[in-house]
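[1] Sharing a sequence plus its predicted fold:
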There are 2 protein chains.
Amino acid sequence: MPRKSAVKSRAKSEAGATATVSPPATRKRRSASKEQRRAQLIKATIRCIARKGLSGTTMADVTRSAGLSMGIVNLHFQTKEKLLIETLRFVAEEYKNSWDGIASDPDLSPAEKVQAIIEQDFSPGISQPDKLAVWFAFWGESRSRPTYRNICNEADLQTSASMQTLCRQLGCKSRQRAELIATGYTALADGLWLDLLVTPDDMDRAMAARICRNYMASFFPEHFKV
Amino acid sequence: MPRKSAVKSRAKSEAGATATVSPPATRKRRSASKEQRRAQLIKATIRCIARKGLSGTTMADVTRSAGLSMGIVNLHFQTKEKLLIETLRFVAEEYKNSWDGIASDPDLSPAEKVQAIIEQDFSPGISQPDKLAVWFAFWGESRSRPTYRNICNEADLQTSASMQTLCRQLGCKSRQRAELIATGYTALADGLWLDLLVTPDDMDRAMAARICRNYMASFFPEHFKV
DNA sequence: TACTCAAATGAATGATCATTCATTCATTAT
DNA sequence: ATAATGAATGAATGATCATTCATTTGAGTA
């Protein structure tokens, strides 16, 4: 099936040769690395999910937002579903990495680590509205999509376990009590993220962090000041 | 509205008379009240959202799950979007009503009210998986759909304000401190709901309630025992 | 300069799904 | 009984959207 007429093709070449710098609005670089293109598309996907929701995000939206053409997703991710999964994985890994960076820092005391984790959980980078929108978009579908659920869980379970260790180091008598407090912290942070996403007029990052410090201070008053 | 084309009608009757073999699989009752039909469809929508997610729920799914025909949604809700909104409203109002029932009970002390609210937030009726799936499905899309956001907010803001009053009655010195603790409670409960939805193997209703009592006990030790 | 080949394009395709409306039929009114 | 009513049906319609692939582009190479 002939896609284009010879006439049209010729016309394009001529235009290009004559007016060297003219009409192709954007000069496309052809040689970005695979990884750069994938990152570019994932960034665009995050933007689109935040603006239009998960169900409202079309391939046309994503590729237009990335400044590329429709077919590009097939080239780098095969299908829309795989692009979405990689997008979730990107956000989840970013979160896990920054948590790990704190948890494994040998220069911080347990109390300083918890303090740093709270600051980090509500830092502009992590609790940026676009990223929050991605988390909750996938959480909302996680019940019917095991793949989404597994990726979300991995992050949450690992951080919860890590926080449990910190609580014991802060002086929790029993493993059970540490679990109660650590699981509570994770839930509290998730709930505050939800507030930041849904009612940004009534909640800001500073207040969310204060609520978390207040939570920790109530259990470990010797280690935290609100 | 033209009732019938005589010609066409005749033709059909003949066909029917010839090949009698119509398949009336299910005898349908015609006379359920408007409200019953709407409730029936909303129930089916909740089921479908829980099983297939918001984006995976089709009109065919909903009407089949309700045991009715495709056209029925147009009759009672006009569009899919309106059905979805009424479904969210249904869940939100159910929650608000049961909260109001406790908050306005004159026979309960403030501490008893808080205790009852915790029990209620994690009772089978409220924190039933299908209902949780509906909440988070809409929260996930709320950033790009103001209508969803408004309905969700209404419930959350009202309960948060009500909890703030209870905290003052329990002995909070300042309005700000009451706000800190009350907003924290709402976030904690939302986060625990998320855990119940996403990691039901690691969280159950009893543990969620225990975490909430632990939270309240840490601020008002004279009123609560974990 | 000419050639090669992988990257990129985007119009066409086909699948899915919400919505419509001519028709059917249970119920109520006469 | 018979007619009138309007709830319910579901095949057909049309819109949206992911995916495909023939063709184009341009960076690297000889």
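    Perfect, I can see it now.
[2] Chain neighbours aside, what residue packs nearest to the most centrally placed residue in chain A?
    What sits nearest the mean C-alpha location of chain A, by C-alpha atoms, centre = their mean, is residue A:91, with 2.8 Å. If the residues on either side of it in the chain are set aside, residue A:91 comes closest to residue A:134, at 5.1 Å by C-beta to C-beta, 6 or more residues apart in numbering or on different chains. Where C-beta positions appear, they are placed from N, C-alpha and C, glycine not excepted.
[3] Look through chain A and state the residue closest to DNA strand C.
    In chain A, the residue found nearest to DNA strand C is residue A:71; the distance is 1.9 Å by C-beta to the nearest atom of the strand.
[4] what's the burial count for that residue?
    Using other C-beta atoms under 10 Å in any protein chain shown, residue A:71 is surrounded by 9 other residues.
[5] what's the spacing between it and DNA strand D?
    As for residue A:71, its distance to DNA strand D is 3 Å (criterion: C-beta to the nearest atom of the strand, to the nearest Å).
[6] Just give the nearest non-adjacent residue to residue A:217, would you?
    Nearest residue to residue A:217, sequence neighbours excluded (C-beta to C-beta, 6+ apart): residue A:224, at 3.9 Å.
[7] Now do the one you found against residue B:171, distance only.
    Distance of residue A:224 to residue B:171, given as C-beta to C-beta, to the nearest Å: 21 Å.
[8] Between those two, tell me which one has more neighbours.
    Neighbours were counted for residue A:224 and for residue B:171 using other C-beta under 10 Å; residue A:224 has more, 19 against 13.
[9] quick one: contacts for the closest residue to chain B within chain A?
    Closest to chain B within chain A is residue A:140: 2.5 Å, counting by C-beta to the nearest C-beta. By C-beta atoms under 8 Å, 6 or more residues apart in numbering or on different chains, the contact list for residue A:140 reads A:54, B:53-54, B:136-141.
[10] after the helix or strand of chain A with the lowest mean pLDDT, next one along is what?
    Across the helices and strands of chain A, mean confidence by mean pLDDT, DSSP states H and E is lowest for helix A:6-18: a mean of 31. Note on helix A:6-18: by DSSP states H and E, the next helix or strand toward the C-terminus is helix A:34-52.
[11] Check whether that following helix comes into contact with DNA strand D.
    No - Helix A:34-52 lies apart from DNA strand D when judged by C-beta under 7 Å from any atom of the strand; the minimum separation is 9.0 Å.
[12] which residues sit against whatever helix or strand comes next after that helix?
    Per DSSP H and E, the first helix or strand lying C-terminal to helix A:34-52 is helix A:59-66. The contact list for helix A:59-66 (C-beta under 8 Å, 6+ apart) reads A:40-41, A:43-45, A:47-48, A:52, A:69-70, A:72-73, A:80, A:83.
[13] buried stuff in helix A:59-66?
    A:59, A:61-63, A:65-66 (16 or more other C-beta atoms under 10 Å in any protein chain shown).
[14] Give me the contact list for stretch A:91-105.
    Outside of stretch A:91-105, the residues within contact range by C-beta under 8 Å, 6+ apart are A:46, A:108, A:113, A:116-117, A:120, A:125-126, A:131, A:134-135, A:151-152, A:154-155, A:158-159, A:162, A:166.
[15] For residue A:154, which non-adjacent residue is spatially closest?
    In space, residue A:154 is closest to residue A:92, 6.8 Å off (C-beta to C-beta, 6+ apart).
[16] what do you get for residue A:191?
    Closest residue to residue A:191 apart from its sequence neighbours, by C-beta to C-beta, 6+ apart: residue B:187 at 3.0 Å.
[17] Following element in sequence after the helix or strand hosting the one you found, please.
    Under the criterion of DSSP H and E, residue B:187 resides in helix B:175-198. Next along the chain after helix B:175-198, taking DSSP H and E as the criterion, comes helix B:205-219.
[18] Show me where chain A dips below the pLDDT cut-off.
    Filtered on pLDDT under 70, chain A yields the residue ranges A:1-31.
[19] quick one: stretch A:46-65 to chain centroid distance?
    Mean C-alpha position of stretch A:46-65 versus that of the full chain (C-alpha atoms, centre = their mean, to the nearest Å) differs by 15 Å.
[20] measure that stretch end to end?
    This stretch, stretch A:46-65, spans 10 Å end to end (C-alpha to C-alpha, to the nearest Å).
[21] now swap in stretch A:195-205 and tell me
    Length of stretch A:195-205, first residue to last, C-alpha to C-alpha: 10 Å.
[22] Contacts for that stretch, please.
    By C-beta under 8 Å, 6+ apart, the residues outside stretch A:195-205 that reach it are A:122-124, A:127, A:129, A:132-133, A:136, A:192, A:208, B:139, B:142-143, B:149, B:152-153, B:156-157, B:183, B:186-187, B:190.
[23] How about stretch A:209-222?
    With C-beta under 8 Å, 6+ apart, stretch A:209-222 has contacts from A:111, A:114-115, A:118-119, A:121-122, A:167, A:170-171, A:181, A:184-185, A:188-189, A:192, A:223-226, B:180-181, B:183-184, B:187, B:215, B:218-219.
[24] Next: stretch A:70-83.
    A:34, A:37-38, A:41-42, A:45, A:59-60, A:62-63, A:66, A:86.
[25] Also compute the angle for whichever helix or strand the residue nearest to the centre of chain A is part of relative to helix A:59-66, please.
    Of the helices and strands defined by DSSP H and E, residue A:91 is found in helix A:80-103. Here helix A:80-103 points in a direction 50 degrees away from that of helix A:59-66 (axes from the mean of the first three to the mean of the last three C-alpha atoms, to 10 degrees).
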